[in-house]
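Asks: Got a predicted model here, sequence first, then my questions.
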Amino acid sequence: MARDQIDMTPLQSRDELVAWFEAGIKQPSEFRIGTEHEKTPFTLEGRQPVPYEGARGIGALLEGMQLLLGWEPIMENGNIIGLYDVTGGGAISLEPGGQFELSGAPLENVHQTQSELMAHLAQVREIATPLGIGFLGLGMTPSWSRSQIPVMPKGRYKIMTNYMPKVGQYGIDMMYRTCTVQTNLDFSSEADMVKKLRVSIALQPVATALFANSPFTEGKPNGFLSFRSEIWRDTDNARAGMLPWVFEDGMGFERWVDYALDVPMYFVKRGETYIDVAGSSFRAFFEGRNNSLPGERPTISDWANHLSTIFPEVRLKRYLEMRGADGVPWGRLPALPAFWVGLLYDNDSLDAAWNLVSHWTAAERQALRDDVPRFGFKARIKDRYLFEIAKECLKLSHAGLRRRNRVDHSGRDESRHLEPLERILEAGRTPAEEMLDKFNGDWGGSVEPVYQEYAF
């Protein structure tokens, strides 16, 4: 999660909320790629969760990273909770259970994304290894119970932890036990945003299957290929899901504003204090009717922070955020931005992708999304297996990246970053199925080997 925004200008009209999104419109020549990934820290000895406190804790890891990188610390009540690069680069932040997130800088091509990842990994290792900390590239912690996982010292997480059980059975698991890889992509107009949003929501289940990587809970198979994706089906349906209204006539920035105004809030931040307003709508706050802040109107910061607590399969901010993929080992991370850049940043591929999904109904899209966590490539829509659709999407993405023709120092274009996905489709199995085969075979019914084979 990005650090909380600070802009205390009070909002006067709904038009300002719409304008906030419009400010994200960019010329295609200015399009960038932002990649975020989370990884689970574990103690190399004993393979336990890593606490925040102590000489070998997450706080010490962040302090070491600060000294190494020279980035600015993000502090809360005297605790270091993240770092950011003041030169406009990336940021490092903590998820609730200590999951360590790199929010990458906005970059021009996927080769740069890979370089950024490799640099980050080398830096993290340099600090983490002497502290006895390793990192796991899975969509969900494979062996720990909820109660084993430490809580990071961030005020917003306390509020969310109290609220989550009221609105779904899996919110606590989402916060404390899952990891994802996401990519953030730009749009050139309102119409371009709508088209990309529709295509990417409809095809998010393809990314979920290609990256399905969370088949274990507390040491045993959980019956799913992406349990992380299943968790999102019952975390908080007022702020998650497939957004069927996005496909209706009249979709645009205003529709998103109206949706966001009615999504229940978690908190309002004043100085370093988080005020718990969980369950009340932004609309009421906007009209000066928030019980905790009577007569007060929200600021630009409040709006930006609220938008960061909405969790649909694709999220609109001043860019589009692809949210359907499990966390994976580092060699496969650049494949996610590559996949979406090839589909969305090339107009021919975008048109072809829209043709592929435009005749699906809201009910069909929902059924596909509901089935994919359990069935992966074997999920179906109309009379087609998701496996066939994934193959088609990969072909479109490959063609889009070739046409973009952004080459690295060896003259290779970005399509080379799709190779891990091509191998998955050749094998015809999701990464989770491969892992389950190992569990039932060489691993002898133990998840312990993941801490070597799937570590960063």
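Replies: Happy to help now that I have it.

Asks: ok, for residue 284, nearest residue in space, not its chain neighbours?
Replies: residue 290 (5.8 Å; CB to CB, 6 or more residues apart in numbering). Heads up, the C-betas are built off the backbone N, CA and C, glycines and all.

Asks: With residue 271 as the reference, measure out to that neighbour.
Replies: 17 Å (CB to CB, to the nearest Å).

Asks: Next, the contact list for the residue nearest to residue 284, please.
Replies: Counting by CB atoms under 8 Å, 6 or more residues apart in numbering, residue 290 touches 268, 277, 280, 284, 296.

Asks: Help me confirm that the fourth one is found in a strand?
Replies: Translated: residue 284. No - counting by DSSP: H, G, I helix; E, B strand; the rest coil, residue 284 is not found in a strand; it is helix.

Asks: the longest strand in this protein is where?
Replies: Taking DSSP state E as the criterion, the chain has its longest strand at strand 33-43.

Asks: Now do that strand: distance to the chain's middle.
Replies: 10 Å (CA atoms, centre = their mean, to the nearest Å).

Asks: Next SSE downstream of that strand?
Replies: Proceeding N to C from strand 33-43, the next assigned helix or strand is helix 58-69, under DSSP states H and E.

Asks: which residues sit against that following helix?
Replies: Counting by CB under 8 Å, 6+ apart, 41, 50-54, 71, 73, 79-83, 85, 92, 94, 98, 100, 123-124, 126-128, 131, 133, 152 sit against helix 58-69.

Asks: sorry, back to before: just checking, what packs against the longest strand of the chain?
Replies: Counting contacts by 3 or more CB pairs under 8 Å, 6 or more residues apart in numbering; DSSP states H and E, strand 33-43 is packed against strand 100-103, helix 110-128, strand 133-136, strand 180-185, helix 335-344.

Asks: would JSON lines of those with mean neighbour count be doable?
Replies: Formatted as JSON lines, the helices and strands packed on strand 33-43 follow (neighbours: other CB atoms under 10 Å):
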{"stretch": "strand 100-103", "mean neighbour count": "22"}
{"stretch": "helix 110-128", "mean neighbour count": "18"}
{"stretch": "strand 133-136", "mean neighbour count": "22"}
{"stretch": "strand 180-185", "mean neighbour count": "25"}
{"stretch": "helix 335-344", "mean neighbour count": "29"}
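
Asks: export those to JSON lines and tack on distance to residue 363 and mean pLDDT?
Replies: Shown next, in JSON lines, are the helices and strands packed on strand 33-43 (distance: least, CB to CB, whole Å; pLDDT from 0 to 100):
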{"stretch": "strand 100-103", "distance to residue 363": "34", "mean pLDDT": "97"}
{"stretch": "helix 110-128", "distance to residue 363": "35", "mean pLDDT": "97"}
{"stretch": "strand 133-136", "distance to residue 363": "37", "mean pLDDT": "98"}
{"stretch": "strand 180-185", "distance to residue 363": "26", "mean pLDDT": "98"}
{"stretch": "helix 335-344", "distance to residue 363": "24", "mean pLDDT": "99"}
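
Asks: can you tell which of these is closest to residue 192?
Replies: Nearest of those to residue 192, taken as CB to CB: helix 335-344 at 9.4 Å.

Asks: Can you give the distance from the very next helix or strand once past that closest one to the centre of its chain?
Replies: Next helix or strand after helix 335-344 toward the C-terminus (DSSP H and E): helix 347-357. Chain-centre distance of helix 347-357: 23 Å, with CA atoms, centre = their mean.

Asks: Stretch 109-118 too?
Replies: Computed by CA atoms, centre = their mean, the chain-centroid distance of stretch 109-118 equals 17 Å.

Asks: Return the backbone torsion pair for the residue nearest to residue 276 when sequence neighbours are not counted.
Replies: Once flanking residues are discounted, residue 276 sits nearest to residue 159: 4.7 Å by CB to CB, 6+ apart. In terms of degrees, to the nearest 10, the main-chain angles of residue 159 are phi -60, psi -50.

Asks: ok, residue 159 - contacts?
Replies: 266-267, 274, 276, 278.

Asks: Quick check, pLDDT for residue 9.
Replies: Here, the pLDDT recorded for residue 9 equals 81.

Asks: was I right about it contacting residue 298?
Replies: No - the criterion here is CB atoms under 8 Å, and residue 9 misses it with residue 298 at 10.1 Å.

Asks: okay, the two: which has more neighbours?
Replies: Legend: neighbour count by other CB atoms under 10 Å for residue 9 and residue 298, higher for residue 298 (21 against 10).

Asks: ranges for the helices of the stretch 101-250 of the chain?
Replies: Using DSSP state H, counting those that start in this stretch, the helices found in the stretch 101-250 of the chain span residues 110-128, 155-167, 171-177, 190-210, 227-233.

Asks: Centre of the chain to the last one, how far?
Replies: It stands for helix 227-233. 13 Å.

Asks: Okay, buried residues for it please.
Replies: Residues of helix 227-233 classed as buried: 227-232 (neighbour count, 16 or more other CB atoms under 10 Å).

Asks: Now do it, average pLDDT.
Replies: Mean predicted confidence for helix 227-233 is 98.

Asks: Likewise for the longest one?
Replies: Here the mean pLDDT over helix 190-210 is 98, rounded to a whole number.

Asks: and it, which residues are buried?
Replies: So helix 190-210, judged by 16+ other CB under 10 Å, has buried residues 190, 192-210.

Asks: picking up where we left off before, against residue 415, how distant is the residue nearest to residue 276?
Replies: 44 Å.

Asks: need the helices for the stretch 301-450 of the chain, in chain order.
Replies: Going by DSSP H, counting those that start in this stretch, the stretch 301-450 of the chain shows helices at 335-344, 347-357, 362-375, 386-404, 419-427, 431-440, 450-453.

Asks: Determine which stretch of these is the most buried.
Replies: The highest mean neighbour count among the helices of the stretch 301-450 of the chain, using mean count of other CB atoms under 10 Å, belongs to helix 335-344: a mean of 29.

Asks: Quick check: which helices or strands does that helix pack against?
Replies: Using 3+ CB pairs under 8 Å, 6+ apart as the test, helix 335-344 ends up in contact with strand 33-43, helix 110-128, strand 180-185, helix 190-210, strand 320-326, helix 347-357, helix 386-404, helix 419-427.

Asks: Can you pull out the low-pLDDT segments for the chain?
Replies: 1-6 (pLDDT under 70).

Asks: which residue lies farthest from the center of this structure?
Replies: Within the chain, the residue lying farthest from the chain centre (CA atoms, centre = their mean) is residue 295, at 35.0 Å.

Asks: Now that residue. Nearest residue, chain neighbours left out?
Replies: residue 288 (5.3 Å).
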